[in-house]
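>>> Quick one, structure for this:
(one chain, ligands or ions: 1)
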Amino acid sequence: MRYQRSSELFLTANKYIPGGVNSPVRAFKSVGGTPVFMKSAKGAYLTDEDNNTYIDYINSWGPMILGHSREEVVEAVKKQAEKGFSFGTPTELETEIAKLITEVVPNVDQVRMVSSGTEACMSAIRLARGFTKKEKIIKFEGCYHGHADSFLIKAGSGAATFGSPNSPGVTSGTAKDTLLAKYNSIESVKKLFEENKNEIAGIILEPVAGNMGCIPPQENFLQELRSLCDAHNALLIFDEVMTGFRFTLGGVQQLYNVKADLVTFGKVIGGGMPVGAFAGTNEIMNHLAPNGAVYQAGTLSGNPIAMTAGLTTLQILKNNPTIYTKINSTTETLATEINNILSSKGVEFSINQKCSMISVFFGQEKVIDFDSASRANHQEFNRFFHSMLNQGIYLPPSGYETWFISNEIDETEIEKTLQAIKKSF
Ligand SMILES: *Cc1c(COP(=O)(O)O)cnc(C)c1O
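You can find the predicted model right below:
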């Protein structure tokens, strides 16, 4: 049986780990079947416990932009490991990575490192509240900013996949300070500002959404959010945990020429290690402890091994700008070819793509927000997912997710992928 050992491992895992997984989206609940247990990865390929190999279109949900086990990163981490795992003191590495980030990301002077995207986003809104002395934040339906209480309100992919957009355990007190707007609807944001005069600390969003599938902002949407924040003394927070260092070095601010007040990072910034970060101008960041009164801390924040993986990854990206050209054009080719195949087969679908993120939705409708993403044919996606999996193509196990293209995906992999898609229909 193709997934024999994975099935056995999953049975045992379920005894000791809730649902057998340490993060819900890994459980294949939405697509059905048994999650595949991986044992190693190299370049564009994953190998599972039954020795099946897969072309990887998840790339650890984004971080592995260079592909798996890139030699320079592995070597740097090995060297660092020999010098000690964690000191609980400042290290030069932390300054190096912060300096690099401020050099390439617009409008940021200082960076605070944390250990996950969740921590980055929850700290960023605390800072926004402390800085503006206001309490409410606006988030968008279908945007995910990690699993902190304030964000588990129509939170996109994971939560949407499980049909629990609002998690039990989040107090009504917390929930009332999170206002919900519709992605790509500036009117819905204007209305919230009118109804909550002088109460809104900031807007947080995925400036190109990836957690309800890939949904780019419509013309001027980001610019108009900027103007609204300026008019109401609120901070604009770009959650670039997914898009940061994936689209360009400067991220969505650079790509769309819109200034954010705070930017959060994760995923690529740690090169596969548990890292997050948030960044902003001196004026705002100086409100953070120990300089300011807004408290935020972490025993393992800026961990030397994690910093080494992140720094080496970012340096490779910085020194090789053609990586972005390549992965973007690979993704465009993929979009065009999938379009051709599905059109010729008479399948109803739409494709959203931005840089090296892409989602295929089934159904007639264009997907521009959470509602339209929900109306897509997710059953058809699930069938497609399993057909691809059985042919050795590893797509994200939910129609609410983005596929991520790595630098190791070349013509050979694209050709194999397209052949598999043809067979799937
Ligand atoms: C993944 C993600 C997060 C959460 O990051 P974790 O490291 O999983 O805590 C936050 N925001 C966005 C946009 C993400 O894609």
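>>> The closest residue to Glu72 other than its chain neighbours and the ligand: what is the separation?
Nearest residue to Glu72, sequence neighbours excluded (C-beta to C-beta, 6 or more residues apart in numbering): Thr312, at 5.8 Å. Where you see a C-beta, it was placed from the backbone N, CA and C, and this is true even at glycine. In this view, Thr312 and the ligand are 19 Å apart by C-beta to the nearest ligand atom, to the nearest Å.
>>> Identify the residues contacting Thr312.
Neighbour list for Thr312: 72-73, 76-77, 271 [criterion: C-beta atoms under 8 Å, 6 or more residues apart in numbering].
>>> right, and out of those residues, which lies closest to Thr47?
When those are compared for distance to Thr47 (C-beta to C-beta), Val73 wins out at 18.7 Å.
>>> From the ligand, how far out is the closest one?
Taken as C-beta to the nearest ligand atom, the span from Val73 to the ligand is 18 Å.
>>> what's the answer for Asn291, then?
25 Å.
>>> Helix or strand: which one has that residue?
Assigned by DSSP states H and E, Asn291 falls within no helix or strand.
>>> could we number from 689 for the rest of this?
I'll keep to 689 as the first residue from here, and by that count the last item is Asn979.
>>> so what pLDDT did it get?
In this model, Asn979 is scored at 97, pLDDT.
>>> so what's it closest to, chain neighbours aside?
Using C-beta to C-beta, 6+ apart, the nearest residue to Asn979 is Met973, at 8.0 Å.
>>> Quick check: the one you found touching Thr790?
No. Counting by C-beta atoms under 8 Å, Met973 does not reach Thr790; the two are 10.4 Å apart.
>>> Comparing these two, which shows the higher neighbour count?
More crowded of Met973 and Thr790, by other C-beta atoms under 10 Å: Met973, with 21 against 15.
>>> How many residues are close by the residue of the stretch 689-838 of the chain found nearest the ligand?
Closest residue of the stretch 689-838 of the chain to the ligand, C-beta to the nearest ligand atom: Gly805 (2.2 Å). A count of nearby residues for Gly805, using other C-beta under 10 Å, gives 30.
>>> Tell me how far the closest residue to it other than its chain neighbours lies from Ser757.
Of all residues not flanking Gly805 in the chain, Gly954 sits nearest, at 3.0 Å (C-beta to C-beta, 6+ apart). Per C-beta to C-beta, to the nearest Å, Gly954 is found 20 Å from Ser757.
>>> likewise Asn1078?
For Asn1078, the distance to Ser757 - C-beta to C-beta - is 25 Å.
>>> Rounded mean pLDDT for the helix or strand hosting the residue nearest to Glu760, please.
Here Thr1000, judged by DSSP H and E, is contained in helix 992-1007. For helix 992-1007, mean pLDDT rounds to 98.
>>> Would you mark the buried spots in stretch 1077-1096?
For stretch 1077-1096, the neighbour count (16 or more other C-beta atoms under 10 Å) marks 1077, 1079, 1081-1096 as buried.
>>> I'd like to know which of these are part of strands.
1081-1082, 1091-1092 (DSSP state E).
>>> Return the member of those nearest to the ligand.
Using C-beta to the nearest ligand atom, Phe1092 is the member of those that sits closest to the ligand, with 10.5 Å.
>>> give the contact list for that closest one.
Phe1092 is in contact with 745-747, 749-750, 752-753, 934, 1044-1045, counting by C-beta under 8 Å, 6+ apart.
>>> Among these, name the ones in strands.
Judged by DSSP E, the contacts of Phe1092 include Met1045 as members of strands.
>>> now, which of the contacts of Phe1092 sits nearest Glu907?
If you rank the contacts of Phe1092 by distance to Glu907 using C-beta to C-beta, Met1045 comes first, at 18.8 Å.
>>> Next, His756: phi, psi?
Phi and psi for His756, reported as degrees, to the nearest 10, are phi -80, psi 150.
>>> What's the local residue count around it?
His756 has 22 neighbours, counted by other C-beta under 10 Å.
>>> Give me the spatial nearest neighbour of it, chain neighbours excluded.
Spatially, and ignoring its direct neighbours in sequence, His756 is nearest to Ala729 (3.6 Å; C-beta to C-beta, 6+ apart).
>>> For that neighbour, the count of nearby residues, please.
For Ala729, the neighbour count with other C-beta under 10 Å is 19.
>>> Return the residues in contact with it.
Ala729 sits in contact with 735, 744, 752, 756-757, where contact means C-beta under 8 Å, 6+ apart.
>>> Narrow the residues you listed to those that are buried.
Members of the contacts of Ala729 classed as buried by 16+ other C-beta under 10 Å are 744, 752, 756.
>>> And the helix ranked longest in the chain, how far out from the chain middle?
Longest helix of the chain, by residue count under DSSP state H: helix 1010-1032. Relative to its parent chain, helix 1010-1032 has a centroid offset of 20 Å by C-alpha atoms, centre = their mean, to the nearest Å.
>>> Would you mind getting the angle between the helix or strand following it and helix 1010-1032?
The first helix or strand that comes after helix 1010-1032 along the chain, using DSSP H and E, is strand 1037-1042. Relative orientation of strand 1037-1042 versus helix 1010-1032 (axes from the mean of the first three to the mean of the last three C-alpha atoms, to 10 degrees): 170 degrees.
>>> Low-confidence regions, the stretch 739-888 of the chain specifically.
For the stretch 739-888 of the chain, the stretches with pLDDT under 70 are 844-853.
>>> need the helices for it, in chain order.
759-770, 780-792, 805-820, 845-849, 860-864, 874-883 (DSSP state H, counting those that start in this stretch).
>>> And those helices: which comes nearest Thr700?
Closest among those, using C-beta to C-beta: helix 845-849, at 23.5 Å.
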